[in-house]
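Chemist: structure for the following, please:
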Amino acid sequence: MDFSVVNWLAVVVAAVAAWLFGAVWYTALSKPWMRAAKIDPSTSKKSILPFIISFIAELIMALVLALVVGAMTGGEPVLVAGLVFGFVLWLGFVATTLMANHRYENFGWDLTLIDGGHWLGVLLIIGAVIGWFGAPVVAS
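Modeler: Residues are numbered from 1 along each chain as shown. A predicted model of the protein is given here:
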């Protein structure tokens, strides 16, 4: 695995941007999401832990996407490549996983659409940032 293709600043910026997107997404869709997830707001516990775990997950996603885009572009990521690989990884792994898991868990398609839309946005944002930042600057 060639970590020299990773622009570490892009990874951090991408994770922060993705996390902020999630905050806006789920704030805007909080009521429909809680209904779809069958969560009773009066009995749900408030905790910061899911927010921390989400950020760590998005850091890992940004690192993996940077590795994939870097490897597939010969170490020269561009915006379009970041978006394409973000979408392809979402379609191949995230969307399919959500569809299967939500059916086993007896959730409706509304939850799949809300969560799937969130993760699509996350991977597109991460891909765009990774591609826009481009290759890491090598000190000479």
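
Chemist: any buried residues in the helix or strand harbouring residue 112, and which?
Modeler: For residue 112, the host element (DSSP states H and E) is helix 109-133. Neighbour-count burial for helix 109-133, counted by 16 or more other C-beta atoms under 10 Å, picks out 111-112, 114-116, 118-133. C-beta coordinates here come from the backbone N, C-alpha and C atoms, glycine included.

Chemist: now stretch 48-64
Modeler: Within stretch 48-64, the residues that qualify as buried are 54, 58, 59, 61, 62, 63, counting by 16+ other C-beta under 10 Å.

Chemist: contacting residues for the third one?
Modeler: Taking C-beta atoms under 8 Å, 6 or more residues apart in numbering as the definition of contact, the neighbours of residue 59 are 11, 12, 15.

Chemist: quick one: which of those residues sit in helices?
Modeler: Residues of the contacts of residue 59 located in helices (DSSP state H): 11, 12, 15.

Chemist: pLDDT weak spots in the chain?
Modeler: Scanning the chain with the threshold set as pLDDT under 70 gives 139-140.

Chemist: what residues does the residue nearest to residue 131 when sequence neighbours are not counted make contact with?
Modeler: Of all residues beyond its chain neighbours, the one nearest residue 131 is residue 82 (2.7 Å), with distances taken as C-beta to C-beta, 6 or more residues apart in numbering. Residue 82 makes contacts with 65, 69, 126, 127, 128, 129, 130, 131, 132, as judged by C-beta under 8 Å, 6+ apart.
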